[in-house]
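> Fold the following and give me the result.
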Amino acid sequence: MLKLLVFICVAVIATVAVSFAWTAIGGGPLGLHGLIALSLGVLGTVGLTWALMALAFKSSREGWDERPDNPDRP
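Purely as a prediction, here's the structure:
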């Protein structure tokens, strides 16, 4: 449950930061649909990054990244 809360907090902070950055560089104010699209994009990106990093660590822990003893033998 704590990981989900951290995930949501990171996504909210990233969404707010990108929204402020967009306004600071001279972009127009984001409407409701723009904020929804931005939030979904950030959530999707953070979620995909989290999942891929979790798989990379799991693979490393279980030894899937190690070279086999005899690479010539199938």
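> quick one, phi psi at residue 57?
phi -70, psi -40 (degrees, to the nearest 10).
> Tell me the spacing between it and residue 46.
To residue 46, residue 57 is 16 Å away according to C-beta to C-beta, to the nearest Å. Where you see a C-beta, it was placed from the backbone N, CA and C, and this is true even at glycine.
> more crowded one of the two?
Each of residue 57 and residue 46 has its neighbours counted (other C-beta atoms under 10 Å); residue 46 has more, 16 against 10.
> Can you tell me, leaving aside adjacent residues, what's nearest to the more buried one?
Distance criterion C-beta to C-beta, 6 or more residues apart in numbering; nearest residue to residue 46, sequence neighbours excluded, is residue 11 at 5.1 Å.
> Just say helix, strand or coil for that neighbour.
helix (DSSP: H, G, I helix; E, B strand; the rest coil).
> how close does it sit to residue 47?
8 Å.
> ok now do the residue nearest to the spatial centre of the chain, which residues does it touch?
Residue closest to the average C-alpha location in the chain (C-alpha atoms, centre = their mean): residue 46, at 1.8 Å. Residue 46 is in contact with 7, 10-11, 14, counting by C-beta atoms under 8 Å, 6 or more residues apart in numbering.
> Would you mind putting these into CSV with distance to residue 28 and pLDDT alongside?
CSV is the format used below for those (distance: C-beta to C-beta, whole Å; pLDDT from 0 to 100):
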residue, distance to residue 28, pLDDT
7, 29, 80
10, 26, 85
11, 23, 81
14, 20, 85
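> ok, so of these, who is nearest residue 24?
residue 14 (15.3 Å; C-beta to C-beta).
> Can you give me the neighbour number for that closest one?
Residue 14: 17 neighbours (other C-beta under 10 Å).
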